[in-house]
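K.L.:
everything below, folded, please.
(3 chains)
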Amino acid sequence: MDISGQSGKKRLIKAHTPKSRHIKNLSLAFIFGGIICALGEGLLLLFKSIFDEKTALTLVSLSLIFLASLLTALGVFDRVARHAGAGTLVPITGFSNAVTSQAIDAKSEGFVLGVGAKIFTIAGPVILFGISAGIIYGVIYYLAGLLF
Amino acid sequence: MKRVKKLATPPTFLSYAAVGGYEESLGPLGDAFDLCDPSDSFGQRTWESSEGEMGRSAVNIALTKAGLSHTDPELIIAGDLQNQCVASSGGVASFGIPFLGVYGACSTCTEALLLASLMSESEFSSLTVTLTTSHNSAAERQFRTPLEYGGQRTPSAQWTATAAGAFILTTREELLSDKRGLAKITEVMAGRIIDGATADGSNMGAAMAFAAADSIISFFSSSEVSPSSVDYIVTGDLGYVGSDILRDILKEKLPAAAGRHIDCGTLLYDRCARDVHAGASGCGTSASVLAAYFLPNIAAGDIRRILFLSTGALMSPSSVLQGNNILGIAPAVLIEHFEGGNNL
Amino acid sequence: MNEITSILLSALAGGVICAAVQLLIDFTRLTPARILVCLVTLGVVLFAVGAYEPLYKIFGAGVSVPLLGFGATIGRGVREAVGEVGLLGALTGGLTASAAGISLSLFLGLFFSLFFRGRAKRM
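P.N.:
Here you go, the predicted model:
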């Protein structure tokens, strides 16, 4: 192997950097993601038997947010997530964990510029881009409505 | 350009101390540490203060071992990973020793030893303390994610050690008269900044390997010491990935050195018992392994001579987000065994 | 469709989405924050082009629980609000529809920060 120059360095790094265990990561993400969504569906069926569908959907989100937030505060979430990977990140639980973990971590810098500001470190971008995409969709939907 | 400086008055390690946290206590060197706090907190309210207190304990233990009071040292040179090195300044504030703060990322331990050697050479200080600390929780908070954040580490990621190493260096012979074996710094060399060819903050060992190779090759081309006359070439925190890369480079460019390489980042934790990934990192790694393992063995004469290079990844959270390559650096000091008593 | 089938279908869809994202993480080193942003934006887009509703009818919570669903909620809110109040709805619909989740999450973060602090990580 030619190890000279910048390209030689990159070759060396590539040759020695261990690969993620894809099969294991993939299976665990599938299993944990599946379990969380199955739990969500169970809750959805339960809530739908009492409320209308829109309310039931909101309640499912709220339940999972509460559960993930509590487990984060108790120090359990990160121990599961290091194995589950995308399995806990992708469901709404990942959003909730990002918010709560930032909040309790930033406490040592005070409640206003610590908790208050850092709580948006990951929640902020998610809300920003979600809402912005929504605004663009809304404008297009409105204009399309005028044309047709 | 002759980069290696051979010291006319090599300073002696009068005493040293290694302090660590929970994971360090479980490692192969756990029993060799002077103090481990399984809570990692060292009785403090914030992780940042815990790192300061850990450093303060390390200096205290080293002073006690040397039979010195905190008013005796003429200078303390200290560094850590926190922004503006506040763990060092906060930790040693209460001693009242004149202070120089240094930052070399994870190369800080060797940088401080190098500077301390030159301070004694120039007779600025004949009794100097150096201190290097890193704290996993403080570093995670500052460089990565909140502690309770549910993230996944990649296999190349290293574990920032919760560890401190304190060293007391002296050229005062009266302090050494009752010592039988001594460890001295005899030659020093500053490192050059070398492009690590990757911007991946989870692969720092790989990025630093090139700086380590550059320093090792430069040292042996400039020093009278040959690779075959040192027992070990000790790097700081290349971990398993960086060590493999370094050995590949040395095999091609300086084969005599390749077989003598050993890395502190692979010595601190037990790879079989814990989920270590690519090894230890953080500037406390090389400092604590030097204090807990190498110096006692060098003083005892079991190891005669090592080339010691802590390796630093020069970067900031902003430079990583901006996609800049990690820059590596590896200053070097040569540490040798001397007989005590009349042979001084 | 009985309840067992719908739960299994949800698990299947949720599992596949999470596994697909895991592939992205492993092969591209995309940071989790970027992944969450992509998912929520993708949710809005899927809803806008009319692909989300049919998927939801089949897989239920399997597509609504992943952060895609959060984006779809924003999309649905925007569409309904534009239908009711016109162009202003493009600004009010998204946040109104997602308000419950965002508010609870932020409030819980603040609430738990009163009683808990981050613990030291273990290997």
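K.L.:
mind telling me what element B:Leu182 is part of?
P.N.:
strand B:181-189 (DSSP states H and E).
K.L.:
mean confidence score for that strand?
P.N.:
For strand B:181-189, the mean per-residue pLDDT is 95.
K.L.:
who's in contact with it?
P.N.:
B:3-7, B:10-13, B:113-114, B:117-118, B:169, B:176, B:215, B:218-219, B:222-223, B:225, B:295, B:298-301, B:331-340, B:344 (Cβ atoms under 8 Å, 6 or more residues apart in numbering or on different chains). To be clear about C-beta, it is placed using only N, CA and C from the backbone, and glycine gets the same treatment.
K.L.:
what mean pLDDT does the following helix or strand past that strand get?
P.N.:
Using DSSP H and E, the next helix or strand after strand B:181-189 towards the C-terminus is strand B:194-195. In this model, strand B:194-195 has an average pLDDT of 94.
K.L.:
work out the gap between strand B:194-195 and the centre of the chain.
P.N.:
20 Å (Cα atoms, centre = their mean, to the nearest Å).
K.L.:
do that strand and chain A meet at all?
P.N.:
Yes - against chain A, strand B:194-195 shows contacts by Cβ under 8 Å from any Cβ of the partner chain at B:Asp195.
K.L.:
the contacts of strand B:181-189 in strands, which ones?
P.N.:
B:5-6, B:12-13, B:169, B:332-339 (DSSP state E).
K.L.:
okay, who's weakest in those by pLDDT?
P.N.:
B:Glu339 (88).
K.L.:
residues touching that one, list them.
P.N.:
Taking Cβ under 8 Å, 6+ apart, one finds B:Arg180, B:Gly181, B:Leu182, B:Gly301 in contact with B:Glu339.
K.L.:
before we move on, back to that, off-centre distance for the strand holding B:Leu182?
P.N.:
Distance, centroid of strand B:181-189 to centroid of chain: 15 Å (Cα atoms, centre = their mean).
K.L.:
so, low pLDDT: which residues of the chain?
P.N.:
I went with chain A, as the question did not name one. Within chain A, the stretches with pLDDT under 70 are A:1.
K.L.:
my bad, chain B
P.N.:
Looking at chain B by pLDDT under 70, you get B:341-344.
K.L.:
residues near C:Leu42, how many?
P.N.:
C:Leu42 has 17 neighbours, counted by other Cβ atoms under 10 Å in any protein chain shown.
K.L.:
same thing with the one 4 residues further on?
P.N.:
Number of residues near C:Leu46 (other Cβ under 10 Å) recorded here: 20.
K.L.:
quick check: closest non-adjacent residue to it.
P.N.:
C:Tyr52 (4.2 Å; Cβ to Cβ, 6 or more residues apart in numbering or on different chains).
K.L.:
next one, pLDDT for the one you found please.
P.N.:
For C:Tyr52, the model assigns a pLDDT of 95.
K.L.:
what count of nearby residues applies to it?
P.N.:
For C:Tyr52, using other Cβ under 10 Å, the count is 24.
K.L.:
so it makes contact with C:Ser64?
P.N.:
No - look at C:Tyr52 against C:Ser64 with Cβ atoms under 8 Å: they stay out of range, at 9.0 Å.
K.L.:
give the residues shared as contacts by the two.
P.N.:
Joint contacts of C:Tyr52 and C:Ser64 (Cβ under 8 Å, 6+ apart) are C:Ala72.
K.L.:
now B:Arg141: which helix or strand?
P.N.:
Assigned by DSSP H and E, B:Arg141 falls in helix B:136-143.
K.L.:
give me the nearest residue to the residue in chain A positioned nearest to chain B, chain neighbours excluded.
P.N.:
Proximity of chain A to chain B (Cβ to the nearest Cβ) peaks at A:Ala81, 2.6 Å away. In this structure, A:Ala81 finds its nearest non-sequential neighbour in B:Gly150, 2.6 Å apart by Cβ to Cβ, 6+ apart.
K.L.:
how many neighbouring residues does the residue of the stretch 101-250 of chain B found nearest chain C have?
P.N.:
Going by Cβ to the nearest Cβ, chain C is nearest to B:Leu147 of the stretch 101-250 of chain B, at 3.4 Å. For B:Leu147, the count of nearby residues is 20 (other Cβ under 10 Å).
K.L.:
and it, how far from A:Ile135?
P.N.:
With distances taken as Cβ to Cβ, to the nearest Å, B:Leu147 is found 35 Å from A:Ile135.
K.L.:
do B:Trp47 as well
P.N.:
40 Å.
K.L.:
these two: which is more packed in?
P.N.:
B:Trp47 (27 against 18).
K.L.:
quick check: the more buried one touching B:Pro146?
P.N.:
No - applying Cβ under 8 Å, one finds B:Trp47 not in contact with B:Pro146, separated by 11.2 Å.
K.L.:
residues in contact with B:Pro98?
P.N.:
Per Cβ under 8 Å, 6+ apart, neighbours of B:Pro98: B:Glu74, B:Leu75, B:Ile76.
K.L.:
need phi/psi at the residue in chain B positioned nearest to chain A.
P.N.:
Chain A sits closest to B:Gly150 of chain B, with a gap of 2.6 Å, by Cβ to the nearest Cβ. The phi/psi pair for B:Gly150 (degrees, to the nearest 10) reads phi -90, psi 80.
K.L.:
can you pull out the helices in chain A?
P.N.:
Along chain A, counting by DSSP state H, helices occupy A:5-16, A:22-48, A:53-73, A:77-84, A:86-89, A:92-105, A:117-118, A:120-147.
K.L.:
out of these, flag the one nearest B:Leu81.
P.N.:
Proximity to B:Leu81 (Cβ to Cβ) singles out helix A:92-105 among those, at 17.2 Å.
K.L.:
dig out what B:Phe338 forms beta bridges with.
P.N.:
B:Leu182 (DSSP bridges).
K.L.:
state the distance from it to B:Ala199.
P.N.:
Going from B:Phe338 to B:Ala199 by Cβ to Cβ gives 44 Å.
K.L.:
compare those two (neighbour count), which wins?
P.N.:
Neighbour count, other Cβ under 10 Å: between B:Phe338 and B:Ala199, B:Phe338 has more, with 19 against 16.
K.L.:
let's verify B:Pro28: helix, strand, or coil?
P.N.:
coil (DSSP: H, G, I helix; E, B strand; the rest coil).
K.L.:
does it touch B:Cys272 like I think?
P.N.:
No - using Cβ under 8 Å, B:Pro28 is not in contact with B:Cys272; the gap is 10.2 Å.
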